[in-house]
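# only geometry, no sequence info:
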Ligand SMILES: [Zn+2]
């Protein structure tokens, strides 16, 4: 560009190429380019450059790109895997639940003998039908007690489930959930709940919005 | 399209990889294209595009669903490309020092190292030559030019992808355009 060329020409060219020039400036630019061959040459080279850049054909990702990318991802959470399995195999899930319910019902009629039992954990002491976490002792692990009570004088690190029994007012500490189950039917429900919950959340609630 | 993508993203957020495969399917070519034009090399482009998708997947919970997914994805990819380009520079730098060239600044050393002899340029196909000249642009102009003229994205979107004010994006496009004009003037 010659020294004589007005400084705003470059700015106007840029605005024009950006598609952001006012009609009056566009006319000014075109008139000017008619009169100045140096600036006209620059303008033509710029438009040619843009055309060249735009003309490079579009490249495609390699054919195995999706598969490779997916294989490189960190493993998905198991919960969703189970959910998807249920989405794809609703009948199988229904059948499995049926079998589970039936066998659980049979088991309960079998063991209807009100026997006292509890999860064996270190440091636990039994007084009659009461399981005791002694003072100054710590028991680590989940605890299930059937047909008996629980007293915690020391410390318990874990969840507690008491079936047909109760948690006695105690001076100790439980770092976990306590669940008391009184009925045999509730116990049944409790045993199948884990499996059932996933199925329920699939049939109802926020997962209703299954697309396609 | 955006509604469809957002539905998939909701599923991905719950950890559903199948939904993410559909996202990859949808954006793979555009993302690969951006990386390829930025890096000038298929192998590297594949590498970086894959990395960009992985990062999007791992960080999907940070994606704001009120915004455009492609903008977010392209931003991850262009950042990775720019990182890659910058990491490569020290090699040129070291090479140039070993040769013991004096009185040249770093920029001209890099430019000299990358420049091919005239007769070789003349033998190139137009497309190859254009790609070569794009990859000789400084990385900040390169990203702007690729997004503007190859992806044909609006300036506002480019400014969001590059996280730069609109004025800066325009300046980079103008400078990149001017540099390319000079580089391609003998074509
Ligand atoms: Zn002029």
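Thanks, I have the structure now. Quantities reported herein were computed from a predicted structural model and do not represent experimental measurements.
# make it CA atoms for all contacts and neighbour counts henceforth
OK.
# quick one: low-confidence parts of chain A?
A:1-3, A:76-88, A:93, A:101-113, A:169, A:182-212 (pLDDT under 70).
# ranges for the helices of it?
Listed in chain order, the helices of chain A (DSSP state H) span A:8-17, A:23-35, A:37-55, A:65-71, A:78-88, A:90-110, A:184-203.
# Could you list the buried residues of the first one?
By neighbour count, and taking 16 or more other CA atoms under 10 Å in any protein chain shown as the criterion, the buried residues in helix A:8-17 are A:9, A:10, A:12, A:13, A:14, A:15, A:16.
# element containing the residue nearest in space to the middle of chain B, please.
Chain B has residue B:38 as the residue nearest its centroid, 3.6 Å off, counting by CA atoms, centre = their mean. When elements are assigned from DSSP states H and E, residue B:38 belongs to helix B:17-39.
# helices or strands up against that helix?
Other helices and strands packing on helix B:17-39, by 3 or more CA pairs under 8 Å, 6 or more residues apart in numbering or on different chains; DSSP states H and E, are helix A:65-71, helix B:2-13, helix B:42-58, helix B:69-99, helix B:126-134, helix B:139-145.
# So which of those helices is the most surrounded?
Stretch with highest mean neighbour count among the helices and strands packed on helix B:17-39: helix B:139-145 (a mean of 24; mean count of other CA atoms under 10 Å in any protein chain shown).
# Report the rounded mean pLDDT for that one.
Taken as a whole, helix B:139-145 has an average pLDDT of 94.
# Quick one: residues in contact with it.
Under the criterion CA atoms under 8 Å, 6 or more residues apart in numbering or on different chains, residues B:38, B:78, B:82, B:85-86, B:134-135, B:158, B:169, B:172-173, B:175-177 lie in contact with helix B:139-145.
# helix or strand right after that helix?
Using DSSP H and E, the helix or strand that follows helix B:139-145 in sequence is helix B:155-161.
# near chain A, anything from that next one?
No - for a cut-off given as CA under 8 Å from any CA of the partner chain, helix B:155-161 has no contacts with chain A; the smallest distance is 8.9 Å.
# List the buried residues of that helix.
Within helix B:155-161, the residues that qualify as buried are B:155, B:157, B:158, B:159, B:160, B:161, counting by 16+ other CA under 10 Å.
# out of these, who's nearest chain A?
Taking CA to the nearest CA as the measure, chain A sits nearest to residue B:155 out of the buried residues of helix B:155-161, at 8.9 Å.
# Can you read off the pLDDT for residue B:111?
Reported pLDDT at residue B:111 in the predicted model: 45.
# burial count for the residue of chain B found nearest the ion?
Across chain B, no residue is closer to the ion than residue B:178, which sits at 15.9 Å (CA to the ion). Counted with other CA atoms under 10 Å in any protein chain shown, residues neighbouring residue B:178 total 17.
# got a list of what it touches?
Counting by CA under 8 Å, 6+ apart, the residues that residue B:178 touches are residue A:46.
# Domain-wise, how is the chain divided?
No chain was given, so I picked chain A. Domain ranges of chain A: A:7-55, A:78-112+A:187-211, A:115-181, per automatic domain parsing.
# Please refer instead to chain B.
When chain B is cut into domains by automatic domain parsing, you get B:2-87, B:90-183.
# Lowest mean pLDDT across these, which one is that?
Across the domains of chain B, the stretch with the lowest average pLDDT is domain B:90-183; it has a mean of 79.
# gap between the residue nearest to the centre of chain B and residue A:128?
Between residue B:38 and residue A:128 the distance is 77 Å, computed by CA to CA, to the nearest Å.
# follow-up on the earlier one: run a quick check on the residue nearest to the centre of chain B versus residue B:150, I expect a contact.
No - because the distance of 10.6 Å does not satisfy CA atoms under 8 Å, residue B:38 is recorded as not touching residue B:150.
# of all the residues in chain A, which ones are close to the ion?
With CA under 5 Å from the ion as the criterion, chain A meets the ion at residues A:5, A:36, A:39.
# between those residues, which has the most around it?
Among the residues of chain A next to the ion, where neighbours are counted by other CA under 10 Å, the top count belongs to residue A:39, at 19 neighbours.
# Secondary structure element holding residue B:169?
Taking DSSP H and E as the definition, one finds residue B:169 inside helix B:166-183.
# can you list the residues of chain B near chain A?
If contacts are counted using CA under 8 Å from any CA, the residues of chain B sitting beside chain A are B:14-17, B:21, B:24-25, B:28-30, B:32-33, B:36, B:46, B:50, B:53-54, B:57-58, B:126-127, B:130-131, B:149-150, B:174, B:177-178, B:180-181, B:184-185.
# and with 7 Å instead?
Chain B comes close to chain A at residues B:15-17, B:21, B:24-25, B:28-29, B:32-33, B:50, B:54, B:127, B:130, B:149-150, B:174, B:180-181, B:184-185, as judged by CA under 7 Å from any CA of the partner chain.
# related to what we said a few turns ago, what about the residue nearest to the centre of chain B, distance to residue B:124?
The gap separating residue B:38 from residue B:124 is 19 Å, by CA to CA.
# Equivalent analysis for residue B:44, please.
Plainly put, residue B:44 is 21 Å away from residue B:124 if you go by CA to CA.
# Likewise for residue A:66?
In this view, residue A:66 and residue B:124 are 32 Å apart by CA to CA.
# same deal with residue B:66?
Counting by CA to CA, the separation of residue B:66 from residue B:124 is 45 Å.
# who's more crowded, the two?
Set side by side, residue B:66 and residue B:124 show unequal neighbour counts under other CA under 10 Å, the larger going to residue B:124 at 12 against 7.
# quick one, phi psi at the more buried one?
Reported as degrees, to the nearest 10, the phi and psi values for residue B:124 are phi -70, psi 150.
# need the contact list for it.
Under the criterion of CA atoms under 7 Å, 6 or more residues apart in numbering or on different chains, residue B:124 has no neighbours.
# now residue B:137
By CA under 7 Å, 6+ apart, residue B:137 lies in contact with residue B:176.
# Repeat the analysis, applying 10 Å as the threshold.
Each residue near residue B:137 by CA atoms under 10 Å, 6 or more residues apart in numbering or on different chains is listed here: B:38, B:111, B:143, B:145, B:175, B:176, B:177, B:179, B:180, B:183.
# do the same with residue A:49
Applying CA under 10 Å, 6+ apart, one finds that residue A:49 lies in contact with A:43, A:55, B:130, B:177-185, B:187.
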